[in-house]
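Participant: My questions are about this predicted structure, shown below with the sequence.
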Amino acid sequence: DGGITQSPKYLFRKEGQNVTLSCEQNLNHDAMYWYRQDPGQGLRLIYYSQIVNDFQKGDIAEGYSVSREKKESFPLTVTSAQKNPTAFYLCASSITFTRDAYEQYFGPGTRLTVT
Amino acid sequence: LAKTTQPISMDSYEGQEVNITCSHNNIATNDYITWYQQFPSQGPRFIIQGYKTKVTNEVASLFIPADRKSSTLSLPRVSLSDTAVYYCLVGDDPGGFKTIFGAGTRLFVKA
């Protein structure tokens, strides 16, 4: 089955530690995204990647880093510089440069708790 | 991207038709209107997309008036499992690189 996987589902870290969230897709999509969602809020875009080896900052990129070395993978690192890292993180992908690019496919999310 | 306004929450009962309206007064000529559904602790799921008039799929209908300054998502005969947050997005690249999800509309379906 095609889709997006995120791991782990729950992640706990101590303050001051960097942590990397995994996102893999087998949909052959060019574009991938990372969002953050806080309780009762909408989604905020952290980073996006239109194509391999390219990525752009979203609205709240400070304290985060990404890489896109493979088409299938778009890992997100939450660094110690992120002041409020506890949140629900969602990865998504879409086909780009076509009408079908309008539909984003989301992973199940990773709930990160930093204490 | 055009700004959208939706009700914060709505209540309904099982079996009823639910209509959620989204206002997007500044919609541009090339903008499409897209709706997503999100259950707690899950990623959003694409429901429907349209440009004008009416679009229907197996899940919902989307009504768009001629001026396109608003749109209405219609869910026929809702069930308890339709309790979720519904997001309205407007933009000429809503699946692309500056997608903005607002707070959405929280729909509560009661028995």
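Facilitator: Nice, I can see it.

Participant: neighbours of the closest residue to B:Gln49 other than its chain neighbours, just the number please.
Facilitator: In space, and not counting its chain neighbours, B:Gln49 is closest to B:Thr34: 4.4 Å by Cβ to Cβ, 6 or more residues apart in numbering or on different chains. No exception for glycine: its C-beta is placed from N, CA and C like everyone else's. Per other Cβ atoms under 10 Å in any protein chain shown, the neighbour tally for B:Thr34 reads 23.

Participant: Checking the lowest-mean-pLDDT helix or strand in chain B against chain A, do any of its residues make contact.
Facilitator: Across the helices and strands of chain B, mean confidence by mean pLDDT, DSSP states H and E is lowest for strand B:84-91: a mean of 89. Yes. For a cut-off given as Cβ under 8 Å from any Cβ of the partner chain, strand B:84-91 has contacts with chain A, namely B:Tyr87.

Participant: Could I get the full set of strands for chain B?
Facilitator: Applying DSSP state E to chain B gives strands spanning B:9-13, B:18-23, B:32-38, B:45-50, B:53-56, B:61-64, B:70-75, B:84-91, B:105-110.

Participant: The fifth one - what's its average pLDDT?
Facilitator: For strand B:53-56, mean pLDDT rounds to 93.

Participant: helices or strands next to it in the packing?
Facilitator: Helices and strands touching strand B:53-56, by 3 or more Cβ pairs under 8 Å, 6 or more residues apart in numbering or on different chains; DSSP states H and E, are strand B:61-64.

Participant: Sheet partners, orientation included, of the strand it packs on?
Facilitator: strand B:53-56 (antiparallel), strand B:70-75 (antiparallel) (DSSP bridges).

Participant: who's in contact with the shortest one?
Facilitator: Under the contact criterion Cβ atoms under 8 Å, 6 or more residues apart in numbering or on different chains, strand B:53-56 has outside partners B:Ile48, B:Gln49, B:Ser61, B:Leu62, B:Phe63, B:Ile64.

Participant: check contacts around residue 63.
Facilitator: In the absence of a named chain, this looks at chain A. Contacts of A:Gly63 (Cβ under 8 Å, 6+ apart): A:Val78, A:Thr79, A:Ala81, A:Gln82, A:Lys83, A:Pro85.

Participant: Can you look at chain B instead?
Facilitator: B:Thr53, B:Lys54, B:Ser71, B:Thr72, B:Ser74.

Participant: that older thread, can you tell me which of the contacts of strand B:53-56 is nearest chain A?
Facilitator: Using Cβ to the nearest Cβ, B:Gln49 is the member of those that sits closest to chain A, with 5.8 Å.

Participant: what about the closest one, neighbour count?
Facilitator: 19.

Participant: go on, A:Pro85?
Facilitator: 21.

Participant: excluding its backbone neighbours, what's nearest whichever residue of chain A sits closest to chain B?
Facilitator: Nearest to chain B in chain A, going by Cβ to the nearest Cβ, is A:Phe106, at a distance of 2.7 Å. Nearest non-adjacent residue to A:Phe106, counting by Cβ to Cβ, 6+ apart: B:Gly43, 2.7 Å away.
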